[in-house]
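**Student:** structure, please.
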Amino acid sequence: MADFDLAIVGGGINGAGIARDAAGRGLRVLLVEQNDLASGTSSASTKLIHGGLRYLEHGWLRLVREALVEREVMLRMAPHLIRPMRFVLPSEPGLRPAWMLRLGLFVYDHLGGRKILPPARAIDLANDPLGAPLKRRYEHGFEYSDCFADDSRLVVLTALDAAERGAVIRTRTRCIKAERGAAWRLVLEVRGRRDVVSARILVNATGPWLKLFATNVLGDRASVPVRLDKGSHIVVRRLFDHDRAYIVQTPDGRVVFALPFERDFTLIGTTDQTFAGDPDSVAPTAEEIAYLCGVANAHFRERLSPADVVWSFAGVRSLYDDGSRKAQDVSRDYVLSLDEREGPLLTVYGGKITTYRRLAEQAIGRIAHIVKVGPFLSDQYVLRLVRTYGTRVERVLGPARSLDDLGPSIGADLTPAEVRYLMQQEWAQTADDVLWRRTKLGLRFSPEERARLANVMAGMVIE
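**Tutor:** As a prediction, this is how the structure comes out:
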């Protein structure tokens, strides 16, 4: 029997989300991360929980709708980490016309069933205070809603929730070898020490390390259709004295955000470039920093230079390679690839912080037919347990993954595990408490079996 049902390699938002979902369903879960949680892409985002307004012009309506629905779910779920934010979108002469922006915002407001956040509105930037930080050429614009998030804290708390549901979280632990068989044999290394664990299913959620992990650890030379896309950000002293953010258009067809950040600063990003290097050493280049300063200077009255940058960071997105020529045209949708050969392997491509819960749900859905909680139980036994205990069935079964784990049958289908639960949680003290008031198994017990139950209960140490 394998040590774990599911072993996940990668401690970003995707890995943590899958661990949380799987552990919540009663699976035995291991998550290993070679560095700290969220030490890669998941702490280098633009910190937004959003539908992706720009994605509308690519026709990615399903992706936008799913993200907008999740935006409100996450706002309710973690209001201490995720807060509403209003975004100012100036109408840029010569680029996307005002009617297109208005139509896009109308769709954005209605596509995801918005209930909490306020709708978009038009702004007279020539007279509204929100136009004051901008160049004088701007006369009209729009304001719409999205959310800002502390991305790395979200990952840590998701992993913490997974751990509280029973998952084993091991950071600073590198998976250096994975051998395929009836169960995966994983060689883990931490601080120079190695140990071996086994798992029924392996999940490659390593993000920009997908191909390296497949080649170096799995020994799989097959093509991994991943495209790496680098995004860089800069942080400067605040450019405006209010709580709104700005989203500005660039001549190359992209958009760049300027967000209020940590009270006294402004976060500007992101770039969008194909990446072909070592993800461990990713950092903004001088050209990228100059580009972002240039974008800010083209739209805001206050001048910036690279000397004004107090912090910069970069991350690498692992996108499913759909053959698009430009980095900004590659779909931000996630793709889950399941190899069901002996030793099933699930590979996770792409994904956004906004939709991590949906990705996790679908990931577990893909492997549900392989890993089931309690597949060793007969239908009749399951029916009795559900009718007796309802949603408390998992507490009765505990970590059991086989009939042997429940203990030898006492009589009918009553096991020591069920008796222990009844004594610990439901105040049962005698055989009659179990057989007649907690269940009606007394109808099926012989005198010898009742005596056996009394002996079992007498010998149990209940804390």
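**Student:** how about A314, secondary structure?
**Tutor:** Assigned by DSSP: H, G, I helix; E, B strand; the rest coil, the conformation of A314 is strand.
**Student:** next, give phi and psi for the nearest residue to it once chain neighbours are set aside.
**Tutor:** In this structure, A314 finds its nearest non-sequential neighbour in S232, 4.2 Å apart by C-beta to C-beta, 6 or more residues apart in numbering. In this view, the C-beta of every residue, glycine as well, is placed from N, C-alpha and C. The phi and psi values for S232, taken as degrees, to the nearest 10, are phi -110, psi 150.
**Student:** so S232 is in contact with P284, correct?
**Tutor:** Yes - between S232 and P284 there is a contact under C-beta atoms under 8 Å: 3.8 Å.
**Student:** how far does stretch 283-293 sit from its chain's centre?
**Tutor:** In terms of C-alpha atoms, centre = their mean, to the nearest Å, the centre of stretch 283-293 is found 28 Å from the chain centre.
**Student:** quick one: contacts of it?
**Tutor:** For stretch 283-293, the external contacting residues (C-beta atoms under 8 Å, 6 or more residues apart in numbering) are 232-234, 256, 268-269, 271, 273, 304-306, 308-309, 312-314.
**Student:** could you rerun that using 10 Å?
**Tutor:** 230-234, 236, 250, 252, 256, 258, 268-271, 273, 303-309, 312-314 (C-beta atoms under 10 Å, 6 or more residues apart in numbering).
**Student:** and V248, that's in a strand?
**Tutor:** Yes - counting by three-state DSSP, one finds V248 located in a strand.
**Student:** shared neighbours, S232 and P284?
**Tutor:** G269, T270, T271, Y291, L292, S312, F313, A314.
**Student:** where does pLDDT dip in the stretch 151-300 of the chain?
**Tutor:** Scanning the stretch 151-300 of the chain for pLDDT under 70 picks out no residues.
**Student:** which residues in it form helices?
**Tutor:** Counting by DSSP state H, counting those that start in this stretch, the stretch 151-300 of the chain has these helices, from start to end: 151-164, 210-216, 286-299.
**Student:** got the buried residues for the last one?
**Tutor:** What it means is helix 286-299. For helix 286-299, burial by neighbour count (16 or more other C-beta atoms under 10 Å) applies to E288, I289, A290, Y291, L292, C293, V295, A296, H299.
**Student:** ranges for the strands of the stretch 1-150 of the chain?
**Tutor:** Per DSSP state E, counting those that start in this stretch, the stretch 1-150 of the chain carries strands over the ranges 4-9, 29-32, 48-49, 82-90, 121-124, 140-149.
**Student:** partners of the third one, with directions?
**Tutor:** Taking DSSP bridges as the criterion, strand 48-49 sits next to strand 140-149 (antiparallel) in its sheet.
**Student:** got the angle between the partner strand and strand 82-90?
**Tutor:** Orientation check (axes from the mean of the first three to the mean of the last three C-alpha atoms, to 10 degrees): strand 140-149 against strand 82-90 gives 160 degrees.
**Student:** average pLDDT for strand 140-149, rounded please.
**Tutor:** Averaging pLDDT along strand 140-149 yields 97.
**Student:** and that strand, how far out from the chain middle?
**Tutor:** How far strand 140-149 lies from its chain's middle: 24 Å, per C-alpha atoms, centre = their mean.
**Student:** which of the residues in that strand are buried?
**Tutor:** G141, F142, E143, Y144, S145, D146, C147, F148, A149.
**Student:** which stretches in the stretch 151-300 of the chain count as strands?
**Tutor:** Assigned by DSSP E, counting those that start in this stretch, the strands in the stretch 151-300 of the chain fall at 168-170, 174-179, 184-190, 193-204, 226-237, 245-249, 255-261, 265-269, 273-274.
**Student:** sweet, I'm off.
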